Each structure stands twice: as C-alpha cells, then as structure tokens.
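1. Below are the sequence and a predicted model; questions follow.
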Amino acid sequence: MRNAVQLIAYADRLAGDLPGLAKLLASEPWAGAFAGVHVLPFFTPFDGADAGFDPVDHTQVDPRLGTWQDVSALAHRHDVMVDVIVNHVSSSSAAFTDWRDTGAASPYDGMFLTMSTVFPAGAREAELTTIYRPRPGLPFTPYRVDGELRLVWTTFTPQQIDIDVSHPVTQRYLDTILDAVAASGATVVRLDAVGYAIKTPGTSSFMTADTFAFISQFTAKARSRKLEVLVEVHSYYRRQIEIGRAVDRVYDFALPALVLHSLYTGDATALHEWLKVRPDNAVTVLDTHDGIGVIDVGADQADPGSPGLLPPEAIDALVSTIHAKSAGSSSLATGAAASNLDLYQVNCTFYDALGANDRAYLAARAIQFFVPGVPQVYYVGALAGRNDVELLQRTGIGRDVNRHYYAWGEIAADLTRPVVVALMALCRFRTEFSVFDGDHVFGMSQDASVLTLHWKDWRDWAELTVNVGDASVSLSWSHQGVQGHTDDLLTDPPGLS
C-alpha cells in the first residue's frame, strides 16, 4: 500500500456499484487525490444485518455490485483494500444453516462456537462476566441445532455467528477467502473484528496472547499471497502499540478523539504525547464507516488502574461537545438512542463533530496528513458530509447517520463547495509529495496551543503549524527547490505545481 491518501467507501453508497466506483476514482479530482481505496464489504449480501459485515458467501461478489473482474479492474489502477471477516459469518450462510439443521452430521460441525464448545465443563458466573463484548449483555444467542437448543456464540448481533478459527473446516474457509482476494489483485486485507476471534476460557477473550498468535499466523498466510495486513481493533492505546509491532499496519484509532479534544480545548498536550509513542506503521483515520472511537483514548478496561490518553472527565466533555457541535444529531444516533448499540464510539460525521466549521475541518485533516502513517479518508468525510438524520430515522441504525447514500448529482454539487475543493487539493498535496517518506519531527508551544509537524527528505521539506485554539493553520514547503506557503487552506490550498 502506497504512502498516499486512500479512500474508504461503500461501492453502493458512493457510486452505485463497483464499476461506478472505478469510474468515479478515475475522474478528477478523485484521480489525483486518492492512490487507493478500501472498498467496504461487497460480498453476498452487501446489505445484510450489518452492512456487509455478515457475509452469507464471503468468496462471492454480490452481483448487484459487480464481479471479481470489477475488483481486479479497480486494483489495476489503485491500491485496493478488502475486508476479511475472521470472527463470524451470517446466520443465513449455507454452512451455518446446514449445521443448524443436521448438527453433528454436518460437514461443518465444529466450525461454529457455542458456550459448551468454549466451556465444555460449564462456566462460573465470574468467567462469563469476564468476557469482553462491545455491546451490553452476554455474547450468546439461542438457536435450535438439529432439534437441540444451543447457546451459539454471537459477539455482535444474533445474525453474526462466531466461528472457531482453529478448526480445519474454518481454516479452509478462511484460506478460500484469501485466495479469492489475492487473485483479484488487491493489495491489503483488513482483519475485521479480529480482536474477538479467539475465545479463551477464564479470560476476556479479547486481544489475548492467543489472539496475537492467531494474528501472526494469519498474517503469514496473507503475506505468502503477497497481501499486506491491516488489523482492526478498538482497544487500549498500549495494546495498539503492541499490535503495531506484530503486523504490517494497525489503525490509529486514538487520533480522531485526540484531534477533536485539541480543537475543542485549545490544548494539544494529549495529542502531542500520543505522537511521541504511537506506532508509525499506522493507518491514520479521522472517520470510518463506524463511529468516533472513545475506548481508544480511555483507561484499560481490563485494568482500570491503567490510565488512558485522556482522563474520564475529558472523555465525558469530548462526547458532550460532539453532541453540542452536531446540534444534538449525534446523540440521536449514539448509545441507547439507536439500535446497533455500541459502547465505545459516538456516531457522527467528523465534519458535524466540528460544527461544520470549514477551517477547523481542514486543520484537522492537515494534522491527519502530517502524522506518520498512511492516511485514509472516509467517503462522507471526503465530501464534508453532514449527519444523515433522515436515514437514521428510516433504519433506526445509529451508524447510518454517517453512511449517506450519494446520488451522482449530489456528488457533483458537493465537489464545488470550497471546503471540498480545498480538501481534495490537500489530499493531492499529500499523495503527490514524496517528502512524507522522509524524516519527521513534532513540536509544541509552551502554552500547548500550537502544534508543529515537520517533514524533511533531502532538499525537500514541509512544515505544518496549527493553532488548536482558533484552528488557524500555516503550511510551508519546498519541493524541488520551489517554495510555497499558505496561511489559509480554505481559500489558498497547497499545490506542488
């Protein structure tokens, strides 16, 4: 994956289908702004219980979106990232329905986890309450299997059935997915929900030593097929640092909350401290198809005595400010107010989290692009999108507030907005300028209100200064002996030519 700006998008919600996405990314200004794309689940079906993250057939492209040939065509011109959902499959999958109907006689017997397969001797209350789950309650759903009522393991929703990744049948299943993805020409696989993939009795069953061993084994399999691996885990920040040492890429999920906290409070101390210790082999994001992570900056849930990047009162203030900046629309989509209940995130577009303030939004993006790692921009964020309250009210799914369906005319109109024009120019600057392959240093003023990020590669250099108190920005650079400068990303965005 190239060290350049990558897009995150649902093919259907941005461009209708895979050919439409390829057409969009080949046109200006997208072609110059984005070197690659993480295409969110396009498997059969892409519109299931969890927007494609509950595949019935993980090896087939949903024909409503296109074919593997369409994925290959996209990969011919761009880096392509594809999700591999290692923790679960759909309750409507052929494998699960066969096992549900025939039990031990099924060729898929052993592929699916139940309470009794993880706890064959039974479980004490303390063992069950130790299990970590990103939603309230225990991770079990009753299903009748060959006439017998079983407690099937369902970490996320009742429609997402957890699988035993150590079972030979499951391993063959995962291998077929890797083979299909590799054959398409994709560059990177994103291990979705991998933190929950290993269930170890007596532990939280989240990011344990056994989980790390599985990640290592799966990464080796992917690399043997010339695929990089990005690990998707929302967790305590020290765990993210540990993950970064073991894999090709890890998300910097702490960055969004810390950037917001800095711009809300005018104090960049917490962000600056994170920049000193974070893994450089990160994929940086401000927004994704999920919400704005909170758990990533909080105390260790497994050991509350281990403090987070922000204290509890600062996290409370962060969440309250997001709700206030979004005029309350994020509160409609978060927590008990919406289904798909998440304990660790706030559902809101990043643009709305900054009160639709164009200059603050561009300052946040500039910080993201200057932080080490490969930057990804979510499709709603690329168009500076607002919370889609109408979609939220129609579906009742909290995350849908940040999963808008765009019409072609709407995209064309948004591309003329000054904030989007400026963001696309900033994306192009980050994508084209090789200085970001060089060396970097960070600085902060004594009063913690001014953050400086500097890159240098031989004669070329670039320096960003952001006053988080008023979101003012100064950006200077030298490219092949030609210097440039801007104090206003909105009206005078940077460019190398």
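-> Here it is on my side, so go on. Numbers count the residues shown, from 1 in each chain.
2. all contacts plus neighbour counts: C-alpha atoms, from now on.
-> Noted.
3. Need the nearest residue in space to G103, chain neighbours excluded.
-> Nearest residue to G103 in three dimensions, chain neighbours excluded: D146, at 5.0 Å (CA to CA, 6 or more residues apart in numbering).
4. And for the one you found, the neighbour number?
-> 16 (other CA atoms under 10 Å).
5. Got phi/psi on the residue nearest to Q240 when sequence neighbours are not counted?
-> In space, Q240 comes closest to V250 once its chain neighbours are excluded; the distance is 7.3 Å by CA to CA, 6+ apart. When read as degrees, to the nearest 10, the backbone of V250 gives phi -140, psi 150.
6. still on that earlier bit, how about the residue nearest to G103, what does it touch?
-> 99-103 (CA atoms under 8 Å, 6 or more residues apart in numbering).
7. Next one: the residue positioned nearest the centre of the chain from V346, what distance?
-> Centroid-nearest residue in the chain, with CA atoms, centre = their mean: T288, separated by 4.8 Å. Separation of T288 from V346 (CA to CA, to the nearest Å): 12 Å.
8. if we can go back for a sec, kindly provide the distance from the residue nearest to the centre of the chain to V435.
-> According to CA to CA, T288 and V435 sit 26 Å apart.
9. Same check on Q446?
-> Taking CA to CA as the measure, Q446 falls 27 Å from V435.
10. bridging residues for the residue nearest to Q240?
-> V231, A282 (DSSP bridges).
11. And for it, the neighbour number?
-> Per other CA under 10 Å, the neighbour tally for V250 reads 26.
12. now swap in G305 and tell me
-> Neighbours of G305 using other CA under 10 Å come to 9.
13. same deal with H323?
-> 23.
14. what residues are up against it?
-> 329-331, 353.
15. Go through the one helix or strand it maps to and flag the buried ones.
-> For H323, the element it lies in under DSSP states H and E is helix 312-325. Across helix 312-325, burial judged by 16 or more other CA atoms under 10 Å covers 315, 318-319, 321-325.
16. Grab the nearest non-local neighbour of V285.
-> Nearest non-adjacent residue to V285 (CA to CA, 6+ apart): Q376, at 5.4 Å.
17. how long is stretch 291-304 from one end to the other?
-> The first-to-last residue distance of stretch 291-304 comes to 23 Å (CA to CA).
18. List the strands paired with the one helix or strand R144 maps to, with their directions.
-> Using DSSP H and E, R144 falls within strand 140-145. Using DSSP bridges, strand 140-145 pairs in its sheet with strand 148-153 (antiparallel).
19. Buried ones in the partner strand, by neighbour count?
-> 150-153.
20. likewise stretch 490-497?
-> 490, 493-496.
21. how about low-confidence regions in the stretch 351-497 of the chain?
-> Filtered on pLDDT under 70, the stretch 351-497 of the chain yields no residues whatsoever.
22. ditto for the stretch 201-350 of the chain
-> The low-confidence ranges in the stretch 201-350 of the chain, as defined by pLDDT under 70, are 335-343.
23. Would you map out the domains in the chain?
-> Domain assignment for the chain by automatic domain parsing gives 6-86+168-435, 94-162, 437-486.
24. if we can go back for a sec, now the contacts of H323 in TSV, with neighbour count and secondary structure?
-> Below are the contacts of H323 laid out as TSV (neighbours: other CA atoms under 10 Å; DSSP: H, G, I helix; E, B strand; the rest coil):
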residue	neighbour count	secondary structure
S329	22	helix
S330	30	helix
S331	21	helix
A353	27	helix
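25. Show me which pair in the residues you listed is furthest apart.
-> S331 and A353 (11.2 Å; CA to CA).
26. I'm done for today, thanks for sticking with me.
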